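S.K.: all I have is the shape, not the residue letters:
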């Protein structure tokens, strides 16, 4: 058995469970994490570089950024569909000793 | 054809559940007062073993995905060489990933999607990076908190510092245009915050317990008139969340004796009695055999409610809960077993704003005194029994997280949320419910 149970609420607000194959779960999670990381880190790096090149003093330096991830896609069949992806939170940092939110 | 196992937890009878049905024991999720005595016997196989396999499979898949992520692009390392950086600077990278698991009223467990309350949260970090601080607050989204603002304060702040810290919140609230009387609002908020600050400062650590109150959160409601209330108000236009954090045990700090009015002092005394009772209860259930498996409970957060007469107890639902207290204990120190018998007498209040008749009847049938129609007086020993059960359930999930998933990413902290019964029993927080308290476990084998 390689089914991953996913729980959410259906269109009527009732608790519902859908099982998805493990490879499908991995594939979707990988797609989300990769796309977010590939989108976020270049922007943060550019921001760091731009801040370093400024001649005026910078009172604040961005060190940590947190993302709550919830994608509005659905899985299931017939009337029973729930959110397709796990709810998660990603924290990015540019510190070896981060103060986590 | 894609094959999905569809399980609608409420609509389908138990016998119709699929063979892959993996469920938790019902007494882990159903509080005694909510159990249906006329329900047919549960024939489904309740398999903790199967549940454990599913959890480990979820964690394995998460670890594999996380390990497959590219670390840092070469460009960012180049940028690091070309520009001056702080000493602790390192290229931007993913530091924490969280996995939320949910439980339904029928005991079904699975990965939580966008909506709902998480019963279990696992926080991942990459092995090799020593965790410095825990990611407190990552689960704040479970709280029902409307329009408002949040401010963190230190218990050692002076009244002047507290008032100064609040000023930006006052301006932000006034800019929203919902508060009509600025003078009343300003005076009321500052006065309320200073009263709460005095109460928090006056709470000393209990020398007989490893646990201490490490944080206090109060949610304030503001009416359009500008009047600020500590207790939740259904028609509040603006809400504030004030939070005090105590970094070390209060007993090691210089605690001043703040000046308080008699009303505030009484509220403070009731809060202190409540906090002390829970510190002793946590102490009584500490040192269990489960800690030999590598996880050690280090935080305990409980919702606080109050009766009309000012008595303090556990807030059972969101309407009754006006704040939270966090209790902490050192995660790395050896277990200190209590050397004296801890008093088990007395009771603790469990507060529910709109209790159902079924709950009231159940409480009376179990010799639970109902106070002021909104509070159940639960025997301390019963509450401790419930807390022991919560630790056992939390440890079940923590043990799954302790299994090494990969060479890279590992779970370094887990939190488990619980609802509380009117007789002191506990059950996992359900998808559509609220966690009256949650327990955090550090993975000391991380």
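M.R.: Yep, it's here. Because the structure is a prediction, the values reported are computed rather than measured.
S.K.: what's the pLDDT at the closest residue to residue B:272 other than its chain neighbours?
M.R.: Sequence neighbours aside, residue B:203 is the residue nearest to residue B:272 in space, at 5.3 Å (criterion: CB to CB, 6 or more residues apart in numbering or on different chains). All C-beta atoms are positioned from the backbone trio N, CA, C, and that covers glycine. Confidence at residue B:203, expressed as pLDDT, is 73.
S.K.: ok, now how distant is residue B:203 from residue B:239?
M.R.: Separation of residue B:203 from residue B:239 (CB to CB, to the nearest Å): 24 Å.
S.K.: ok, the two, which is more surrounded?
M.R.: Here residue B:203 and residue B:239 are compared on neighbour count by other CB atoms under 10 Å in any protein chain shown; more neighbours surround residue B:203, at 22 against 18.
S.K.: surely that one and residue B:268 touch.
M.R.: Yes: counting by CB atoms under 8 Å, residue B:203 does reach residue B:268; the two are 7.4 Å apart.
S.K.: now the strands for the stretch 51-200 of chain B?
M.R.: Taking DSSP state E, counting those that start in this stretch to define them, one finds strands in the stretch 51-200 of chain B at B:89-103, B:109-112, B:120-126, B:148-154.
S.K.: closest to residue B:172 out of the ones you listed?
M.R.: When those are compared by CB to CB, strand B:148-154 sits nearest residue B:172, at 5.8 Å.
S.K.: mind listing what the helix or strand containing residue A:89 pairs with, with the direction of each?
M.R.: In this structure, residue A:89 sits in strand A:88-95 according to DSSP states H and E. The strands that strand A:88-95 pairs with in its sheet are strand A:64-69 (antiparallel), strand B:89-103 (antiparallel) (by DSSP bridges).
S.K.: before we move on, back to that, quick one: the residue nearest to residue B:272 from residue B:299, how far?
M.R.: Counting by CB to CB, the gap from residue B:203 to residue B:299 is 17 Å.
S.K.: pull the number of nearby residues for residue A:50.
M.R.: Applying other CB under 10 Å, we find 10 residues neighbouring residue A:50.
S.K.: my bad, should have said residue B:369
M.R.: 13.
S.K.: I'd like the average pLDDT over stretch B:227-245.
M.R.: For stretch B:227-245, the mean pLDDT works out to 72.
S.K.: and if you look at stretch B:53-70?
M.R.: 89.
S.K.: neighbouring contacts of that stretch?
M.R.: Applying CB atoms under 8 Å, 6 or more residues apart in numbering or on different chains, the external contacts of stretch B:53-70 come out as A:2, A:4-5, A:22, A:25-26, A:29-30, A:33-34, A:37, B:22, B:94, B:97, B:99, B:101, B:109, B:111, B:122, B:124, B:126, B:397, B:400-401, B:403, B:405-411.
S.K.: kindly recompute the last result at 6 Å.
M.R.: Residues outside stretch B:53-70 that contact it (CB atoms under 6 Å, 6 or more residues apart in numbering or on different chains) are A:22, A:25-26, A:29-30, A:33, B:22, B:99, B:400, B:403, B:405-406, B:408-409.
S.K.: ranking the strands paired with strand A:88-95 by mean pLDDT, which is last?
M.R.: Looking at these, the lowest mean pLDDT belongs to strand A:64-69 (a mean of 81).
S.K.: roughly how far is it from the heart of the chain?
M.R.: Relative to the centre of its chain, strand A:64-69 is centred 8 Å away, using CA atoms, centre = their mean, to the nearest Å.
S.K.: what's next to that strand, contact-wise?
M.R.: Applying CB under 6 Å, 6+ apart, the external contacts of strand A:64-69 come out as A:88, A:89, A:90, A:91, A:92, A:93, A:98, A:101.
S.K.: what ranges do the helices span in chain A?
M.R.: A:22-53 (DSSP state H).
S.K.: and residue B:270, what does it touch?
M.R.: B:310, B:311, B:312.
S.K.: which one among these gets closest to residue B:347?
M.R.: For the contacts of residue B:270, the nearest to residue B:347 is residue B:311 (10.8 Å; CB to CB).
S.K.: coming back round to it: looking at the strands of the stretch 51-200 of chain B, which one is packed in the most?
M.R.: Among those, strand B:109-112 has the highest mean neighbour count (mean count of other CB atoms under 10 Å in any protein chain shown), at a mean of 26.
S.K.: strand partners of it, parallel vs antiparallel please.
M.R.: Partners of strand B:109-112 in the sheet, by DSSP bridges, are strand A:3-9 (parallel), strand B:89-103 (antiparallel).
S.K.: ok so, going back, minimum distance to residue B:189: which of the strands paired with strand A:88-95 has it?
M.R.: That would be strand A:64-69 among these, by CB to CB, at 28.0 Å.
S.K.: rank the contacts of stretch B:53-70 by pLDDT and give me only the lowest.
M.R.: Note: of these, the lowest pLDDT belongs to residue B:405, at 60.
S.K.: which residues of chain A score low on pLDDT?
M.R.: A:1, A:51-59, A:70-85, A:101 (pLDDT under 70).
S.K.: give me the residue at the spatial middle of it.
M.R.: In chain A, the residue lying closest to the centroid (CA atoms, centre = their mean) is residue A:69, at 3.7 Å.
S.K.: beta-bridge partners for it, please?
M.R.: Note on residue A:69: beta-bridge partners by DSSP bridges are residue A:88.
S.K.: could you measure from it over to residue B:201?
M.R.: Separation of residue A:69 from residue B:201 (CB to CB): 39 Å.
S.K.: give me every residue that touches residue A:92.
M.R.: Applying CB under 6 Å, 6+ apart to residue A:92 gives the contacts A:65, B:92, B:94.
S.K.: I figured the second one was touching residue A:41, is that so?
M.R.: Same thing as residue B:92. Yes: checked against CB atoms under 6 Å, the pair residue B:92 and residue A:41 is within contact range at 4.9 Å.
S.K.: neighbouring contacts of stretch B:346-357?
M.R.: Against stretch B:346-357 from outside (CB under 6 Å, 6+ apart): B:277, B:305, B:311, B:313-317, B:319-320, B:374-380, B:383, B:420.
S.K.: buried subset of these, written for ChimeraX?
M.R.: Provided next is the ChimeraX selection string for whichever of the contacts of stretch B:346-357 are buried by 16 or more other CB atoms under 10 Å in any protein chain shown:
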select /B:277,305,311,313,314,315,316,317,319,320,374,375,376,377,378,379,380,383,420
